[in-house]
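Peer 1: Based on what follows, work out the 3D shape:
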Amino acid sequence: MDSQPVKADAAVTFGSRGFDAGKKINGRKRHLLTDTLALLLAVLVTPASVTDRDGARALLPPEAGSFRRPARVWADGGYTGNLTDWTAQHLGFVLAIVRRSEDVRGFQPLPRRSAVEPLLRLVSAQPTPGQGLRTTHLAR
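Peer 2: Got it, this is the predicted structure:
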């Protein structure tokens, strides 16, 4: 499970967007739930001001009954707090927080997040309505 804030177009109404202070983005936030093969299970779009924990509370309950009951859901540090207790109590599965090692410098993929990260990049690369396809030409 992961989320990603996205800048909103001028055509997006103010009621459906918000400001994500952490990423400094005015727009919406996509909350994604995938399986371990990076197959998309659920998507929730909220204003960017919605925290990851609040988005997870809205995303997980309907999905808990839609698929085989998960034993564990992996998430990043944005989901820490009482959400781990809430998922165990109300939904009956473990929310495992994947933490970054303190001694690592620069970018390093987090374990168990390898399923959702490529999907976030793929979704971000898709053109939005009104935006033409972008093409890249390789020099030979």
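
Peer 1: Next secondary structure after the helix ranked longest in the chain?
Peer 2: Taking DSSP state H as the criterion, the chain has its longest helix at helix 52-64. Next in sequence after helix 52-64, counting helices and strands by DSSP states H and E, comes strand 72-75.

Peer 1: List the buried residues in whichever helix or strand comes after that next one.
Peer 2: Where DSSP H and E defines the elements, the next helix or strand beyond strand 72-75 is helix 83-86. The neighbour-count check on helix 83-86 (16 or more other Cβ atoms under 10 Å) flags 83-84 as buried. For glycine as for every other residue, the C-beta is placed from the backbone atoms N, C-alpha and C.

Peer 1: Likewise for stretch 56-63?
Peer 2: Those would be 56-57, 59-60, 63, for stretch 56-63 by 16+ other Cβ under 10 Å.

Peer 1: Can you list the residue ranges for strands in this protein?
Peer 2: For the chain, the strands defined by DSSP state E occupy 2-7, 18-20, 25-34, 40-47, 72-75, 94-97.
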